[in-house]
Each structure stands twice: as C-alpha cells, then as structure tokens.
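A.B. asks: Got a predicted model here, sequence first, then my questions.
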Amino acid sequence: MKIHIVTVGKPKFDYAKAGWNEYLPRLERRHSVRVTHLADRFADDAKKLLDTTEGSFRVVLEIKGRGFSSEELAAFLRERELAGQEISFTIGGPEGLPADFIRQADLAWSFSRLTFPHDLAMIVLLEAIYRADSINNGQPYHK
C-alpha cells in the first residue's frame, strides 16, 4: 500500500519523537510510506494541502469525522490497498484543518470525540495504521 502521512508541523516533544521513530519504521517495512511535514505557516492553506495530497485518497483527521474500531480500520485499509491508489492521512495544526480542505477530503476520520494534543495525534495515527496492518497480516495484537 502507498501511504502518505501529511502533518502541519513535526513532532516536537520527546515522547512524540520516540513514538514516531518506533512506528514509522514498522510501517515502512511493509508499505511504501512517504511523509510530508508542512511548516506551520501552511496550517490554514487549503490549496497547499490539496496540492500536497493531489492524486491520493484523502483522509483528514477531524473530530467530527467517522470513528473506526481497529478491525473496521483494518477492513477500510484492505479495501484501499486493493484500489491501488495512494492514501494520504492529514493532521492539521493545533487549530485543525481548513474547512475548504476538509470538504474536499474523501473521508474525515475521528480518533475519538476527545481532543488530543497535536503531537499525540501524530503517534495515535501511526499506531492505529500499524495495528490495522497487523490485523490484516494475521498478527496478534492486544485488544
């Protein structure tokens, strides 16, 4: 599967850097993964975000989006992998993503109704994708 992780900003806190360095290589072992960390000045720039994710199936992280269980996310990713199109996951800055970008996304995904710190959301994204991939590959995971 081709995965594109797009974030406004980079992980800043040590725990986030450690989580990023733990889960990104795990995903890269099985998939073609590219990462784009946009500068904070692009946080409200829908055009830049659209250009960055052009040609991909756009998934935005949005508190009002659809929730998935780990198994549901695994099924969704399996379907996307069969489609053969790159899938982009975009995390906005601390203020979220521009409304114009969200409207043009293929899917809005919510981790929870809770609001997460920006750095933590980056780690939750990577871990959730990794867990779903583990399910799809028949590997055990903690429930």
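C.D. replies: Thanks, I have the structure now.
A.B. asks: For Gly55, the count of nearby residues, please.
C.D. replies: Other residues within reach of Gly55, judged by other C-beta atoms under 10 Å, total 9. C-beta: built from backbone N, CA, C; applies to glycine.
A.B. asks: isn't Leu50 right up against Gln104?
C.D. replies: Yes - applying C-beta atoms under 8 Å as the test, Leu50 and Gln104 come out as touching, 6.3 Å apart.
A.B. asks: Convert the C-alpha atoms of whichever helix in the chain runs longest to PDB, please.
C.D. replies: Secondary structure of the chain per DSSP state H: the longest helix is helix 118-136. Coordinates of the C-alpha atoms in helix 118-136 are reproduced here as PDB (Å, rounded to 0.1, in the frame of the first residue of the first chain):
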ATOM      1  CA  HIS A 118      -1.200  17.700  18.300                       C
ATOM      2  CA  ASP A 119       1.900  15.600  19.000                       C
ATOM      3  CA  LEU A 120      -0.100  12.800  20.500                       C
ATOM      4  CA  ALA A 121      -2.500  12.700  17.500                       C
ATOM      5  CA  MET A 122       0.600  12.000  15.200                       C
ATOM      6  CA  ILE A 123       1.500   9.000  17.300                       C
ATOM      7  CA  VAL A 124      -2.100   7.700  17.500                       C
ATOM      8  CA  LEU A 125      -2.300   7.900  13.700                       C
ATOM      9  CA  LEU A 126       0.800   5.800  13.100                       C
ATOM     10  CA  GLU A 127      -0.100   3.300  15.800                       C
ATOM     11  CA  ALA A 128      -3.600   2.900  14.500                       C
ATOM     12  CA  ILE A 129      -2.400   2.300  11.000                       C
ATOM     13  CA  TYR A 130       0.200  -0.200  12.200                       C
ATOM     14  CA  ARG A 131      -2.300  -2.000  14.400                       C
ATOM     15  CA  ALA A 132      -4.800  -2.300  11.400                       C
ATOM     16  CA  ASP A 133      -1.900  -3.500   9.200                       C
ATOM     17  CA  SER A 134      -1.100  -6.200  11.900                       C
ATOM     18  CA  ILE A 135      -4.700  -7.300  11.900                       C
ATOM     19  CA  ASN A 136      -4.700  -7.600   8.100                       C
END
